[in-house]
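**Q** my questions are about this predicted structure, shown below with the sequence.
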Amino acid sequence: MAWKRQSQVEVDSLFAGLKARDPLGHGIHVLFALPACFLAAFPTTWLEWAWWPVTVCFAVRMLSHHRVLGPLVWEWPARLALAWVLWAALSLAWTAGTGQQWLAEWGVARYALLIPALWPVMNERRWLVGALALGALCGNLSQVGHAIGVAAEIPWLVWPRLEDRNSGWWDPVVGGSVLCAALGLHMAGLSLGRSVSERIVGGVLSAATLIAIAATGTRGAWIGAAGVIGVAVMIAGWRAVRGQTPTAAERSFGSSRMVIAAALVVVLCGAAVWFAAGETITKRVGEAREELTRAVEHGDYSTFTGARLTMWGWGVRAVAAHPIRGVGGGGYSPWVQGKMQEQSEPETGIEASPLLPHGHAHSWFLHAAATTGVVGLGIMVALVVVCVMNGMRETAGAAGTECRPTRGYDAGPALAMVGLVCAGLFDSIHVNQQTAYWLWVLVALCMARRPREAIGARAKVTRQSPGAGGSA
């Protein structure tokens, strides 16, 4: 079967036609797609149950409605995702680990099935983004419950965390990464909102997410959060400098009042974060200084920070040893173990760290380079860049008119991807189940020629012949 590239109007008409011909199937598909996004921020057991119902529904519907996949064939995020999955699968041929270790790492790529599974209901994208944000908010509520449980000594509300860390139902590191992505969603509403109400909602939820990130005690997530905020501010500033059409919020507030409001939000967020997690922040910053000093001045890598530095060092060595293909999926830890055993005089700190060898390099792109080489790294970087660009660009208008920048929560998936990138400096996003799930959901939401929202009211439904609309 072959498809031709379709215009935006044809894509809109194709989706509107599918919804009109199969309203029951569309409704059922949406019914499964919403939980697939909503449960992304839940514990792993929940998200394992979240992805397969929508995938099965997709497979059944495509028996008779496969023409809707035509536009997806031309999407670079879909192509690059497929290339990544295949290259990582091929690495089984040279992995330094066992087949079981390779499967454990590569297996999380099963969530990439969400890309085609969510595509037939992409005309409901705003609902999917909303479900994703609402699920993250539920994770925040689990942190509130933990805090209440600790304060009131209610055991069933307390999650097994270190005394000074509150990440709710998440592991602190994974929770920090997920919350950085959620922060990107809400910062899109705050900095790029189309209305006053959207900016207020984005601001409130951004503040709540910042408090939640601070409470996790995950220092990498703190840095990642700062990166997300910086990128969001730069994008908003760039658009203002470019003189793009002001939104209703910008017209109502005015430039000076917007600056004052933004400054007030920053002050209030800072105060709220310090009030909620000031003690945790102070303690964790002090620990970081001490651990860095021990590593740099005394060669002691037995601390959490020292162990992470060592993991990064081994990642760099793996890339240097196998720059093109890497050590293979699941091969990082076995490769490190082998090299440690080969050394007659192990380097200072490697054996001293009780955390080594770790299952991954604790850095998204470094681990991708170490296990799949520059080929895999190139594919992954290209995938992220294309997704962010697509997510920040509005779908093309009629008759090939120029694309407009996306605003508000519509730009949320792109900034959430930025959040994963910033958190990924200290976490292997594509390896951990919960962050990998977010990665592939965001890829699914960042297609360039996606159908426009509410197309049933704006696009004319045309009856197509078997050869029309790009099918053959």
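**A** That came in fine, so what should we check first? Numbering: from 1, shown residues only.
**Q** how close does residue 134 sit to residue 38?
**A** Applying C-beta to C-beta, to the nearest Å, the value for residue 134 to residue 38 is 6 Å. Every residue, glycine included, has its C-beta placed from N, CA and C.
**Q** what of residue 120?
**A** 18 Å.
**Q** still on that earlier bit, more neighbours, residue 134 and residue 38?
**A** residue 38 (21 against 13; other C-beta atoms under 10 Å).
**Q** in the helix or strand encompassing the more buried one, what counts as buried?
**A** For residue 38, the element it lies in under DSSP states H and E is helix 23-38. Residues 25-26, 28-30, 32-38 are the ones in helix 23-38 that count as buried (16 or more other C-beta atoms under 10 Å).
**Q** burial measure for residue 100, as a count.
**A** As a burial measure, residue 100 scores 8 neighbours (other C-beta under 10 Å).
**Q** and for residue 115?
**A** 21.
**Q** nearest residue to it other than its sequence neighbours?
**A** Using C-beta to C-beta, 6 or more residues apart in numbering and skipping residues adjacent in sequence, the residue nearest residue 115 is residue 444, 4.6 Å away.
**Q** hmm, back to that, packing partners for the helix holding residue 38?
**A** Judged by 3 or more C-beta pairs under 8 Å, 6 or more residues apart in numbering; DSSP states H and E, the packing partners of helix 23-38 are helix 44-65, helix 114-118, helix 125-152.
**Q** what sits up against it?
**A** Contacts of helix 23-38 from elsewhere in the structure, counted by C-beta atoms under 8 Å, 6 or more residues apart in numbering, are 18-19, 50-51, 53-54, 57-58, 61, 65, 114, 117-118, 120-121, 124, 127-129, 131-132, 134-135, 441.
**Q** and the residues you listed, which are buried?
**A** For the contacts of helix 23-38, a burial check counting by 16+ other C-beta under 10 Å picks out 18-19, 50-51, 53-54, 57-58, 61, 65, 114, 117-118, 120-121, 124, 128-129, 131-132, 135, 441.
**Q** and whichever strand or helix holds residue 17, what does it pack onto?
**A** When elements are assigned from DSSP H and E, residue 17 belongs to helix 8-21. With contacts defined as 3+ C-beta pairs under 8 Å, 6+ apart, helix 8-21 has these neighbours: helix 70-73, helix 455-458.
**Q** pLDDT of it, averaged?
**A** Summarised as a single mean, pLDDT over helix 8-21 is 90.
**Q** next, the buried residues of that helix.
**A** Along helix 8-21, the positions that meet the burial threshold by neighbour count (16+ other C-beta under 10 Å) are 8-19.
**Q** that one: how far from the chain's middle?
**A** The chain centroid and the centroid of helix 8-21 are separated by 28 Å under C-alpha atoms, centre = their mean, to the nearest Å.
**Q** any low-confidence regions in this protein?
**A** 1-4, 243-307, 343-357, 395-404, 454-472 (pLDDT under 70).
**Q** residues near residue 232, how many?
**A** Look at residue 232: counted by other C-beta under 10 Å, it has 25 neighbours.
**Q** residue 81 now?
**A** Neighbours of residue 81 (other C-beta under 10 Å): 24.
**Q** repeat that for residue 337.
**A** Here the number of neighbours of residue 337 (other C-beta under 10 Å) works out to 14.
**Q** now for the helix or strand containing it, which elements pack on it?
**A** Take DSSP H and E as the rule and residue 337 turns out to sit in helix 332-342. Packed against helix 332-342 by the contact rule (3+ C-beta pairs under 8 Å, 6+ apart) you find helix 304-321, helix 364-391.
**Q** got the buried residues for it?
**A** Within helix 332-342, the residues that qualify as buried are 332-336, 339, counting by 16+ other C-beta under 10 Å.
**Q** I'd say residue 435 and residue 426 touch.
**A** No - using C-beta atoms under 8 Å, residue 435 makes no contact with residue 426, being 11.6 Å away.
**Q** have a look at those two and say which one is more surrounded.
**A** Neighbour tally, residue 435 and residue 426, criterion other C-beta under 10 Å: the higher count belongs to residue 435, 26 against 21.
**Q** identify the residue spatially nearest to the more buried one, adjacent ones excluded.
**A** Leaving aside its chain neighbours, residue 435 sits nearest to residue 429 (4.4 Å; criterion: C-beta to C-beta, 6+ apart).
**Q** so the one you found, which of the three states?
**A** The three-state assignment at residue 429 reads coil, by DSSP: H, G, I helix; E, B strand; the rest coil.
**Q** from the chain's centre, how far out does the helix holding residue 38 sit?
**A** 21 Å.
**Q** try stretch 16-23
**A** Shown here is stretch 16-23, whose average C-alpha point lies 31 Å from the average C-alpha point of the whole chain (C-alpha atoms, centre = their mean).
**Q** could I have it exported to PDB, CA atoms only?
**A** The C-alpha atoms that make up stretch 16-23 are tabulated as PDB, following Å, rounded to 0.1, in the frame of the first residue of the first chain:
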ATOM      1  CA  ALA A  16     -13.400  14.600   9.900                       C
ATOM      2  CA  GLY A  17     -14.600  11.900   7.400                       C
ATOM      3  CA  LEU A  18     -13.400   9.100   9.700                       C
ATOM      4  CA  LYS A  19     -15.200  10.600  12.700                       C
ATOM      5  CA  ALA A  20     -18.400  11.000  10.700                       C
ATOM      6  CA  ARG A  21     -18.400   7.500   9.300                       C
ATOM      7  CA  ASP A  22     -17.500   5.800  12.500                       C
ATOM      8  CA  PRO A  23     -18.700   7.900  15.500                       C
END
